[in-house]
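>>> from the sequence below, what's the structure:
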Amino acid sequence: RGCTTMGRGKRKKWGNKKGRGGGQGGERKRSRDDNYVGYKEIEPKSEAFEKYYQAQQLMPCPPPFVPYSPTGAKYGSIVLGPEIEWDLFMAALRKPLPTSFRVTGTKSSAAEFRDMIKSRFFSKMQELVIEGVEIKPPSPVDFYPDTLAWQMHVPRGALRKAEAFNAFHKFLVAMNEKGNLSRQEAVSMIPPLLLDVQPEHAVLDMCAAPGSKTAQLIEMLHNGDTPPTGIVIANDVENKRCYTLTHQTKRLQSPNFVVTNLDATKFPSLRVPAPGEPGKVIRLQFDRVLCDVPCAGDGTLRKNKAIWKNWNPMNGIGLHKIQVKIAFRGAQLLKVGGRLVYSTCSFNPIENEAVVASLLRSTKGTLELIDVSKDLPALKRYPGLSTWKVIEKYGKELPSRATTHPDMRKQFIPSVFPPTAEEAEWMHLDRCVRVYPQQQNTGGFFICAFQKTAAMTPKEAPSKPAFGKSAAVAAETEPKEAEQALDAAKESGPAAEAAPTETVASTATATPGAEDAAAAAVAAPPQKMSMHGYKEDPYIFLGTDGHKYWPKIKEFYGFSDDFPARNLFSRSAGDIKRHIYYVSDMVREVIENNELGSIRIINAGVKVLTRSDARNKPCDYRLCMDGLQSTWKWLEKRVAACTLDDLGKAIRQDGAELTVLSEVLQTAIKDVSIGCTVLEYSPEADPAGTLACSLQVLVWRGETNVRTLVSKDDRKFFCALLDIPNDDDTPAPRKRTAEEAAEADAGGGAADDSAPKRIREDAVDKEAVVGEAAAPMDPA
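Alright, predicted model coming up:
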């Protein structure tokens with residue numbers, strides 16, 4: 001803020017031509033705009049905001065309120081009046097938002113990690129008083145299953161003054177980077193929970209960036225006891241946000257995950273092989289679709305104070321049409337019996353119930369709202385609104401579109417107005433969920449869930465939704481309004497312009513036929529290459545037999561014959577592959593059966609093998625810690641059982657001597673040759689172990705020692721989990737003594753020259769995060 005950016009073009013010369021020597025040729029001083037308001041200086045109030053939402057009657061009949069009792073006594077429920085509830089609503093919006101986070105991972109590992117955090121950190125945060133103020137310890141998010149989500153109600157100053165909170169804050173940042181904890185707003189966790197993802201589902205997240213909800217979807221896909229067969233496709237329209245999304249989700253290392261860069265309003269119909277019919281392809285229909293659409297975002301006022309200053313009623317009007325288009329396209333891609341969740345972080349009914357009503361109206365008979373009142377029973381909520389007021393920028397109420405000035409009708413389209421009494425009766429808009437900040441000390445959110453009850457016939461599946469009109473009329477009249485959504489967004493004010501927007505959908509008329517024909521009509525055409533456009537390296541699958549190195553890799557590591565080597569690929573066309581990646585069967589089918597230029601894949605696969613740079617390497621490729629969870633179960637060689645104490649020594653010491661390790665590990669590793677090896681801890685095999693979940697760590701088995709092949713973040717995680725000190729996050733490799741160096745020069749083996757020069761994964765592979773996530777072109 002307050003800075004001026006200069007585009008490309010003719011440069012201005014400031015001062016004289018002497019440069020830094022004199023005059024004004026040195027660094028130019030920048031002055032702030034007179035109207036600049038610092039973030040902390042913004043007053044949390046907006047008269048227009050209060051008048052607008054008081055007119056909407058967001059909380060006409062508040063639910064019973066149970067006051068807090070410091071003595072533990074149970075008071076009776078009190079029904080607050082709308083005025084008191086409104087005052088609580090506004091008071092909550094003016095308070096800072098608590099920090100919230102989730103424990104990620106599979107059920108067993110997440111529970112283990114949660115218990116470790118509670119015993120190691122939360123137990124030290126009880127009854128803390130700082131400057132006379134009692135600081136409460138983190139508390140669980142009531143509605144999140146298995147107490148895997150928590151909130152911290154700690155002022156920023158207390159983080160520095162309280163040692164326990166300061167230590168946990170540093171731990172939280174480190175574990176967030178590793179992916180074992182995810183910092184995420186509490187209400188943002190609700191849509192994936194209502195989506196109810198199962199391991200076999202095909203899931204589409206249409207507007208995924210920055211990726212916190214996508215990470216939840218991936219975790220839910222992997223929540224079974226066996227590797228999932230489904231897929232999560234995360235899409236976003238902005239290329240830069242796709243790489244942010246990739247960075248946020250790559251920590252989960254899922255081979256069932258794909259990132260695409262497409263306009264959600266015209267997301268293409270993907271082709272996959274027909275089951276049991278070789279040579280035939282069919283359209284991929286998704287079991288679950290998440291439409292967390294771009295919105296004005298006034299539900300985030302507690303953390304985005306700038307919205308107070310820029311709020312006006314037109315923010316929601318400008319985005320309404322694009323929101324309808326995204327939800328409608330999601331409904332087209334959904335299979336019969338599938339579930340679609342629509343959500344925003346906005347209070348505005350124009351962005352919420354009006355979009356839902358428009359979608360139900362356009363697809364009448366094929367979609368229905370699901371009653372989720374019994375889901376997440378601990379979630380405090382309000383029902384959706386069945387009617388609302390449409391108010392223009394200067395506060396004038398518009399009872400109908402007929403009362404709108406002709407110049408403004410392109411913005412106030414029919415679908416922004418409330419449904420008739422007859423429509424409201426069958427739409428059941430009260431099944432929507434509204435979450436307000438005063439209820440559970442969160443942000444504001446809107447969520448609803450649809451189920452597809454029947455295939456969309458040509459009448460219910462035009463190439464675009466009917467914005468308040470019947471489907472038959474829409475095909476004739478809507479093209480004239482097709483380009484007005486972006487104009488409305490531009491006129492709606494700074495808040496709407498700041499929100500990520502999608503481009504307008506195609507206006508092609510559907511041809512006669514079933515839902516497939518209508519969906520094909522809006523498929524995105526192949527994208528043209530440009531300087532700043534889509535350009536990604538090819539995905540070259542190695543085939544069933546792999547490339548020329550695969551037989552040796554398979555023999556060295558003992559990959560079982562059942563391992564799907566057909567799912568290995570590289571991004572290099574040459575014979576020498578620097579890195580080899582792995583994807584699931586469904587991801588491979590999507591990549592192989594669709595033109596990359598049309599689906600614009602940004603990221604897919606996990607790195608499982610990389611060329612070894614070790615001297616006297618026994619195999620050209622070594623395993624990668626990133627993809628270990630996808631490969632170790634297929635290994636029949638080079639997996640050594642160990643105790644929990646062995647793991648601690650290997651992690652703690654940079655080159656643990658074999659003689660200090662347990663007899664269990666020494667026996668298991670005795671016949672393992674020099675090279676990359678997996679150490680596996682199993683609670684069943686180690687009665688003295690204190691962890692209830694299994695762990696796997698990648699090491700280099702030398703002649704006399706083992707050295708871990710883990711990144712800095714992995715080391716932090718293991719040290720925290722095993723409760724061992726981590727004095728140096730990036731310890732330097734152990735230096736050889738003069739005797740070891742002389743013996744090595746003479747050809748001896750005591751110095752263990754077989755070990756790689758760069759032991760840690762973060763030292764071996766120094767690619768940028770974005771580059772590695774996108775699996776860049778390997779040098780041939």
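
>>> so for stretch 553-570, first residue to last residue, what's the gap.
15 Å (CA to CA, to the nearest Å).

>>> can you list the buried residues in it?
Residues of stretch 553-570 classed as buried: I553, K554, F556, Y557, F559, F563, A565, N567, L568, F569, S570 (neighbour count, 16 or more other CB atoms under 10 Å). Heads up, the C-betas are built off the backbone N, CA and C, glycines and all.

>>> from M116, how far out is the nearest residue to the fifth one once chain neighbours are set aside?
For F559, ignoring the flanking residues on the chain, the nearest one in space by CB to CB, 6 or more residues apart in numbering is W634 at 5.4 Å. With distances defined as CB to CB, to the nearest Å, the gap from W634 to M116 amounts to 29 Å.

>>> equivalent analysis for P687, please.
20 Å.

>>> M125: neighbour count?
18 (other CB atoms under 10 Å).

>>> next up, the contacts around it.
Listed by CB atoms under 8 Å, 6 or more residues apart in numbering, the contact set of M125 reads I135, P137, P138, A162, A164, F165, F168.

>>> most neighbours, which of these?
Going by other CB under 10 Å, F165 tops the contacts of M125 with 24 neighbours.

>>> for that one, give me phi and psi.
phi -70, psi -40 (degrees, to the nearest 10).

>>> which residue is nearest the centroid of this protein?
In the chain, the centroid-proximal residue (CA atoms, centre = their mean) is G211; its distance is 2.0 Å.

>>> okay but that one is in contact with T244, surely?
Yes. Look at G211 against T244 with CB atoms under 8 Å: they come within range, at 7.0 Å.

>>> returning to that earlier point: just put the buried residues of stretch 553-570 in CSV and tack on distance to S662.
Formatted as CSV, these follow (distance: CB to CB, whole Å):
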residue, distance to S662
I553, 29
K554, 30
F556, 25
Y557, 24
F559, 27
F563, 30
A565, 34
N567, 36
L568, 35
F569, 39
S570, 38
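
>>> of these, just say which sits nearest to V587.
N567 (7.8 Å; CB to CB).

>>> ok so, going back, quick one: contacts for the residue nearest to the centre of the chain?
Neighbours of G211 in contact, by CB under 8 Å, 6+ apart: A234, T244, L245, T246, H247, Q248, T249.

>>> now do D562
D562 sits in contact with W634, where contact means CB under 8 Å, 6+ apart.

>>> could you check how far F113 is from Y539?
Distance from F113 to Y539, by CB to CB: 34 Å.

>>> just the ones of the contacts of M125 in strands?
I135 (DSSP state E).

>>> which of the contacts of M125 lies closest to K649?
F168 (26.4 Å).

>>> pLDDT score for the closest one?
F168 is assigned 85 on the pLDDT scale.

>>> now it, nearest residue through space, not along the chain?
F168 sits nearest to F121 (CB to CB, 6+ apart), 4.5 Å away.

>>> repeat that for I370.
A449 (4.3 Å).

>>> that neighbour and V341 touch, don't they?
Yes. Using CB under 8 Å, A449 is in contact with V341, at 5.1 Å.

>>> A helix includes A92, no?
Yes. Checked against DSSP: H, G, I helix; E, B strand; the rest coil, A92 lies within a helix.

>>> got the contact list for it?
So A92 contacts R302, Y436, P437, Q438, N441 (CB under 8 Å, 6+ apart).

>>> ok, back up a step: would you check how far apart the residue nearest to F168 and R183 are?
For F121 relative to R183 (CB to CB), the value is 15 Å.

>>> those two: which has the busier surroundings?
F121 (19 against 13).

>>> helix, strand or coil for C448?
Per three-state DSSP, C448 ends up strand.

>>> can you give me the pLDDT of the residue lying closest to it once chain neighbours are set aside?
Spatial nearest neighbour of C448, excluding adjacent residues (CB to CB, 6+ apart): C432 at 4.1 Å. We have a pLDDT of 97 for C432.

>>> next: the one 5 residues further on.
At P437, the predicted lDDT confidence score is 95.

>>> how about I576?
Per the predicted model, pLDDT is 75 at I576.

>>> could you check how far it is from Y621?
Taken as CB to CB, the span from I576 to Y621 is 11 Å.

>>> same thing with T708?
Distance from T708 to Y621, by CB to CB: 18 Å.

>>> more neighbours, those two?
T708 (25 against 22).

>>> separation between the closest residue to A164 other than its chain neighbours and C676?
Spatially, and ignoring its direct neighbours in sequence, A164 is nearest to K124 (4.2 Å; CB to CB, 6+ apart). Remark: distance between K124 and C676 (CB to CB) = 39 Å.

>>> those two - which one has more neighbours?
Remark: of K124 and C676, C676 carries more neighbours, 23 against 15, as counted by other CB under 10 Å.

>>> pretty sure that one sits in a strand.
Yes. Assigned with three-state DSSP, C676 falls within a strand.

>>> contacts only, for it.
Contacts of C676 by CB under 8 Å, 6+ apart are Y557, S612, C619, R622, L623, R638, L698, V699, W700, R701, L709.

>>> tell me the SS of the third one?
Three-state call for C619 (three-state DSSP): coil.

>>> so where's the stretch 501-650 of the chain uncertain?
Applying pLDDT under 70 to the stretch 501-650 of the chain flags residues 501-536, 544-547.

>>> run through the strands of it in chain order.
Per DSSP state E, counting those that start in this stretch, the stretch 501-650 of the chain carries strands over the ranges 540-541, 568-570, 579-582, 601-604, 606-611, 621-623, 639-642.

>>> could you do the stretch 51-200 of the chain as well?
Using DSSP E, counting those that start in this stretch, strands in the stretch 51-200 of the chain cover 99-103, 128-130, 133-135, 139-140, 149-152, 181-183.

>>> quick check, distance from stretch 553-563 to the centre of its chain.
In terms of CA atoms, centre = their mean, to the nearest Å, the gap separating the centre of stretch 553-563 from the centre of its chain is 33 Å.

>>> what do you get for stretch 571-590?
23 Å.

>>> what about that stretch, how long is it end to end?
The first-to-last residue distance of stretch 571-590 comes to 16 Å (CA to CA).

>>> and stretch 292-308, by the same measure?
Stretch 292-308 end-to-end distance (CA to CA) = 22 Å.

>>> then stretch 441-455?
41 Å.

>>> go through that stretch and flag the buried ones.
N441, T442, G443, G444, F445, F446, I447, C448, A449, F450, K452.

>>> kindly report the same for stretch 712-726.
Buried residues in stretch 712-726, counted by 16+ other CB under 10 Å: K712, D713, D714, R715, K716, F717, F718, C719, A720, L721, L722, N726.
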